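Engineer: Build the 3D model from these lines:
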Amino acid sequence: MTDLLQRVEKNVLNRHLLKHGQPVLAAVSGGLDSMTLLHVLYALAKRHRWKLTVAHFNHQLRGRSSDADEKLVHKTAVALKLSFVAGRADVQRFAATSKLSIEMAARKLRHEFFARAARERRISVVALAHQADDQVELFFLRVLRGAGGEGLAGMKWHSPSPVDNKIMLIRPMLDVTRTGLRAFARENRIRFREDATNASLDLPRNRVRNELLPLLRRRYQPALTRTILRLMEIVGAEADVVGGIAQQWIGGRRGDESQIEVKNWKANSAKRSETSDVASCHFKELPVAVQRRVLQLQLAKLGVWVDFELVERLRCSPDIPVSISPGFSVTRDSAGRVGLQAPAPVGFKVGKLMVNLADRAGRVDFDGVQFRWKFESAKKNLPPGKRTGCEYFDADKVGGQITLRHWRAGDRFQPSGLKSAVKLQDLFTNQKIPRSRRHDLVVAEAANGGVFWVQNLRMAEPFKLRPETKCRLVWRWRCASP
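Structural biologist: Modelled structure (predicted):
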């Protein structure tokens, strides 16, 4: 038995990927990796009584080349006297209609096909041909995207299908390099097809594979694959511990009876008991890494796309809604529970206050905000840099009478630096001002009807000071209540 066969067999047995006599669906694309996996599993199947079915999905992305891939896989399955099932879909069209990248659309359709094919044949395991170089490429892709420990751990030896958690995906070749697979295929005269798109630098993965990794191996670390795989193993193990503690804390908070004790995971554990009942800890007492994972797990269960900024805003600011999409926000309470909510409809406020600026100085209150103003000669030195709660305007352009009111539908505003006015609604969205807050903001309307000031936004371009300005309006404000 060759080294590759022994290694894959050891992986399957030691990691409990397949049971004796178990049926398995082998996902075969026709490329080097999957064709080698098929032959390896076939060579081991008789000894372990595995019942193989070959599955191929045609993405229809490369015309005749895609059809040739399918033909090769089918021909190989027939030669090995194995059952064969094929599926196909127009991935490019699906990507366009679903607003997904080609890669994500292909992955979604492919996994849906594998899951469907497995269910129809009462098979609970799908074997995938991911290998060590795939892991290293994925590691750097996720580093560049800013992934956390769980993401940097890469693909697991076994994991549930993303479309059906009753079907398990296994990857028995995660520690085998592409070079090793190529040598095995050459020695055993295994036919496979090269995908020409693998050489294209349009895809990020191909740029990592063909540009970044060769550079790192040549200039920095010849044993890059071994080093990164070891790092991924370490990061993955630590991420699993954090995830386990987070799951335990969530389960304990929900009254789960199966609570376990985790030793010495708190900071300054010497000052505490040797073991800590995680479920009894308050959210703020948890280590930061565990807090983040607790939030990630809850957000994922709610179907919310998780990123670092969202998690941090929730972690650092309890009871403050964070907008995630139009009309929806998430909050976490002081106990660490995350909730999804649609804000109550908020109507436009109709109140307004006419203010006469005839006096050289004055003061007025409007809906919880105190305003003070005065006029100065523009011949004085230029006003100091931006000060909190204070702006300077060209008094002649503002006019002698202004109106204080709230945002109205259709309001337009031209912030300093923009060439034209835009809808206030669009500015609020860009500034990530919550919908529930927008209707409370005060707007100051000049005598000519133009908006010269909006609470929490920068000053208006048409009303700012210029070299020809003769008199300036000093405009100050502050909230009357905390």
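Engineer: which residues of the protein score low on pLDDT?
Structural biologist: 1, 253-279, 326-327, 343-347, 380-386, 436, 480-482 (pLDDT under 70).
Engineer: domain ranges for it?
Structural biologist: 3-222, 248-341, 352-479 (automatic domain parsing).
Engineer: Need the winner for burial among the ones you listed.
Structural biologist: With neighbours taken as mean count of other CB atoms under 10 Å, those reach their highest mean count in domain 3-222, at a mean of 17. Any C-beta I mention is one placed from the backbone N, CA and C, and that applies to glycine too.
Engineer: all strands for the stretch 1-150 of the chain, in order.
Structural biologist: Counting by DSSP state E, counting those that start in this stretch, the stretch 1-150 of the chain has strands at residues 23-27, 51-58, 83-88, 125-127.
Engineer: Distance to Arg412 added to the ones you listed, as a markdown table?
Structural biologist: As requested, the strands of the stretch 1-150 of the chain are arranged in a markdown table below (distance: least, CB to CB, whole Å):
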| stretch | distance to Arg412 |
| --- | --- |
| strand 23-27 | 55 |
| strand 51-58 | 51 |
| strand 83-88 | 51 |
| strand 125-127 | 55 |
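Engineer: quick one: which of those is nearest Ala199?
Structural biologist: Nearest of the strands of the stretch 1-150 of the chain to Ala199, taken as CB to CB: strand 51-58 at 20.9 Å.
Engineer: quick one: strands adjacent to that closest one?
Structural biologist: As defined by DSSP bridges, the strand partners of strand 51-58 come to strand 23-27 (parallel), strand 83-88 (parallel).
Engineer: and the ones you listed as CSV, adding distance to Lys10?
Structural biologist: Putting the strands paired with strand 51-58 into CSV (distance: least, CB to CB, whole Å) gives the following:
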stretch, distance to Lys10
strand 23-27, 17
strand 83-88, 27
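Engineer: coming back round to it: redo the domains of the chain as JSON lines? Include distance to Val241.
Structural biologist: Shown next, in JSON lines, are these (distance: least, CB to CB, whole Å):
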{"stretch": "domain 3-222", "distance to Val241": "10"}
{"stretch": "domain 248-341", "distance to Val241": "8"}
{"stretch": "domain 352-479", "distance to Val241": "34"}
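Engineer: Assumed Leu169 was part of a strand.
Structural biologist: Yes: assessed by DSSP: H, G, I helix; E, B strand; the rest coil, Leu169 belongs to a strand.
Engineer: Next up, the contacts around it.
Structural biologist: Val125, Val126, Leu128, His158, Ser159, Pro160, Ser161 (CB atoms under 8 Å, 6 or more residues apart in numbering).
Engineer: Just those: which are in helices?
Structural biologist: With DSSP state H as the criterion, helices contain none of those.
Engineer: which of the residues you listed lies closest to Ile190?
Structural biologist: For the contacts of Leu169, the nearest to Ile190 is Leu128 (17.6 Å; CB to CB).
Engineer: pretty sure the closest one is touching Leu174, no?
Structural biologist: No: Leu128 is not in contact with Leu174 according to CB atoms under 8 Å; the separation is 9.7 Å.
Engineer: hmm, back to that, farthest-separated two in the contacts of Leu169?
Structural biologist: Leu128 and Pro160 (12.7 Å).
Engineer: Could you pull up the residues touching the residue lying closest to His56 once chain neighbours are set aside?
Structural biologist: Spatial nearest neighbour of His56, excluding adjacent residues (CB to CB, 6 or more residues apart in numbering): Val73 at 4.3 Å. Counting by CB under 8 Å, 6+ apart, Val73 makes contact with Val28, Ser29, Gly30, Met35, Val54, His56, Phe84, Ala86.
Engineer: likewise Ala421?
Structural biologist: Contacts of Ala421 by CB under 8 Å, 6+ apart are Arg412, Phe413, Gln414.
Engineer: Which members of the residues you listed are positioned in helices?
Structural biologist: Per DSSP H, the contacts of Ala421 never map to helices.
Engineer: just curious, which of those is nearest to Gln60?
Structural biologist: Closest approach to Gln60 among those (CB to CB): Arg412, at 47.4 Å.
Engineer: Appreciated, that's everything.
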